[in-house]
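Visitor: Please find the sequence and the predicted model below.
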Amino acid sequence: MSASTTTAAGTLTGPRSAAKRGLGATRRRRQALVAWGFALPFVIVFAIFMLFPIVGSFAMSFTDFTARDIASPFAVNFVGLQQFFTLFTDTRFLTSLGVTGVFVLVGIPVTMIVALALALALNSGRGRIVAFFRVGFYAPVVTSIVAISVVWRYILQPEGLLNSALAVVGIDGPNWLNDPAFALPSLIMMAVWRNVGTLMVIFLAGLQAVPEDVNEAATMDGASPWRRLISVTLPLLRPTLLLGAVLISVGYLQFFEEAFVMTKGGPLDSTLSVAFYTYQQFGFGEYGLASAASYVLFLAIALISLLQFRLLRSKD
């Protein structure tokens, strides 16, 4: 009797459980379709405006594609690595590599040192004045490059604010933006002023994560403020410093806006960056050459970022 009841129950519950599983699978498929429906516009936009240009420019860097070939794209020839060889025999491209290298090697340490000093000062302060300075130092980050350029043109022009201040102490200031010896340092000053706020906020967050008891223990052991900074704070801040270095490296390797707005790459190519060289080649209609230059820059950014991460890992 019990066996027949079990069998009967099994015949009743079996179809019901199968129906429930079918309903669950249908519900999951419906949810997946809804999710893809929401994601599809982003995927389409990403494919059209990001993925396709990336793949297209990479393929273009191995061709002799120019503006003349737009009307007859099938006349474009595959030239292999010829565009890359052309780049490294072009004196203007080599100049742009040197300019970008100087901009990075000088700009990164100066920006990081200034940002760290500001973060340390703000971290040790209290009250509303700290919040005021925090907002003030970060303001250039969210300010339009056009507005920034207006301010810095006023500062750096021959009769501007900087030369007027130098004249007070008896120094005859140079023509900052029109002298090849001073144009690049002027852009570095502007870039440091513009970007120091980003690193300051990152370093300040890292400093606030340092345990207070560690500093208190070092103080009780008789460590001076300088010794605490070198032996306690900076080692604990190393991951944050690396993050700041990577972010600022990527930005400075691609520096373009400062040169475009302030100097147009001059005078005498003294502020010609790789990014601005690439922009010029696109403007000249040398699409294959410009694409090759952009991938040289991409490779440099990837290698430097990888080196920085490996350096941190080896130290850890």
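Guide: Yep, that arrived. Numbering: from 1, shown residues only.
Visitor: what residues are up against Ala183?
Guide: Neighbouring residues of Ala183 by CB atoms under 8 Å, 6 or more residues apart in numbering: Trp176, Leu177, Thr263, Gly266, Pro267, Ser270, Thr271. In short, each C-beta sits where N, CA and C put it, glycine included.
Visitor: Distance to Gln254 and neighbour count for the residues you listed - can I get that in JSON lines?
Guide: Shown next, in JSON lines, are those (distance: CB to CB, whole Å; neighbours: other CB atoms under 10 Å):
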{"residue": "Trp176", "distance to Gln254": "23", "neighbour count": "23"}
{"residue": "Leu177", "distance to Gln254": "21", "neighbour count": "20"}
{"residue": "Thr263", "distance to Gln254": "17", "neighbour count": "20"}
{"residue": "Gly266", "distance to Gln254": "19", "neighbour count": "15"}
{"residue": "Pro267", "distance to Gln254": "22", "neighbour count": "16"}
{"residue": "Ser270", "distance to Gln254": "19", "neighbour count": "20"}
{"residue": "Thr271", "distance to Gln254": "14", "neighbour count": "27"}
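Visitor: Between these, which sits nearest Asn215?
Guide: Trp176 (42.2 Å; CB to CB).
Visitor: from the contacts of Ala183, which is closest to Ser249?
Guide: Minimum distance to Ser249 across those is 18.9 Å, recorded for Thr271 (CB to CB).
Visitor: does that closest one count as helix, strand or coil?
Guide: Applying DSSP: H, G, I helix; E, B strand; the rest coil to Thr271 yields a three-state assignment of coil.
Visitor: how much space is there between it and Thr143?
Guide: Note on Thr271: its distance to Thr143, by CB to CB, to the nearest Å, is 21 Å.
Visitor: Do a quick rundown of the strands in the stretch 1-150 of the chain.
Guide: Shown for the stretch 1-150 of the chain, no strands are assigned by DSSP state E, counting those that start in this stretch.
Visitor: pLDDT below threshold where in this protein?
Guide: 1-25, 127, 312, 314-316 (pLDDT under 70).
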